[in-house]
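> make a model of this:
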Amino acid sequence: RPLHVGVVGAGMAGLYSVMLLQSLGISCEILEAATNTGGRVRTHYFSDVKWDYIDLGAMRFPGIPIMDRVIGKQKWSLVNMVAGQKNAPIKLGKYYYTAKDGPNTITMYNGIRVVGNVNWKEDPFKFSKSRGGNVPDDYVTTGPDV
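Residues are numbered from 1 along each chain as shown. Okay, the predicted model is just below:
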């Protein structure tokens, strides 16, 4: 009897699992209670005013080769597969780390609060191993926009 797998939830983990199963030729079905896919990942718009929104869930998908299965331009990437199922294009926008000209932007992580634009290369949130975090120092000092 052929194998048929049920995947509970159409969040990122569920969608990615289905993509992997399908790429292996395994029959599967997504079981999702909500009317939308993506789980907690979505953008909430407060109004039609530019920049008046908040991203919820996953905050950033870096454009690096290991992420091609998720955001790549290939027809088999997760974003393109979801777009194909909805018959609507999914548009990936630029992610902004701070508010535009944000002297009043408040960024907080692990109880450390920074007001104004964050200089990520100075590692104010102590991500680097040398400051007690888990991220190799080379990655932190390079900054997020490489």
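> check what pLDDT Gly107 gets.
Let me fix one detail, which is that residue 107 is Thr and not Gly. At Thr107, the model reports a pLDDT of 80.
> using PDB, write out every CA atom in the one helix or strand it maps to.
Here Thr107, judged by DSSP states H and E, is contained in strand 106-109. Output of strand 106-109 as PDB, limited to C-alpha atoms (Å, rounded to 0.1, in the frame of the first residue of the first chain):
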ATOM      1  CA  ILE A 106      13.200  51.500  20.000                       C
ATOM      2  CA  THR A 107      14.900  48.100  19.600                       C
ATOM      3  CA  MET A 108      14.900  45.700  22.400                       C
ATOM      4  CA  TYR A 109      16.400  42.200  22.700                       C
END
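> I'd say Val41 and Ala13 touch.
No. Taking Cβ atoms under 8 Å as the definition, Val41 is not a contact partner of Ala13, at 10.7 Å. All C-beta spots, glycine's among them, are computed from the backbone N, C-alpha and C.
> picking up where we left off before, the helix or strand following the strand holding Thr107 - contacts with which helices or strands?
Next in sequence after strand 106-109, counting helices and strands by DSSP H and E, comes strand 112-115. In terms of contacts (3 or more Cβ pairs under 8 Å, 6 or more residues apart in numbering; DSSP states H and E), strand 112-115 is packed against strand 106-109.
> quick revisit: so how far is the strand holding Thr107 off the chain centroid?
Centroid separation between strand 106-109 and its chain, computed with Cα atoms, centre = their mean, to the nearest Å, is 18 Å.
> same check, this time on stretch 14-31
20 Å.
> what does that stretch contact?
2-10, 32, 37-39, 69-70, 76, 78, 81-82 (Cβ atoms under 8 Å, 6 or more residues apart in numbering).
> just the buried ones from these, in ChimeraX syntax?
Only the buried entries of these go into this ChimeraX selection, using 16 or more other Cβ atoms under 10 Å:
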select :7,9,10,32,37,38,39,69,70,78,81,82
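> so which of the contacts of stretch 14-31 are in helices?
With helices taken from DSSP state H, the overlap with those comprises 69-70, 78, 81-82.
> give me the neighbour count for the closest residue to Arg113 other than its chain neighbours.
Closest residue to Arg113 in three dimensions, ignoring its sequence neighbours and counting by Cβ to Cβ, 6 or more residues apart in numbering: Ile106, at 6.5 Å. When neighbours are defined as other Cβ atoms under 10 Å, Ile106 has 10 of them.
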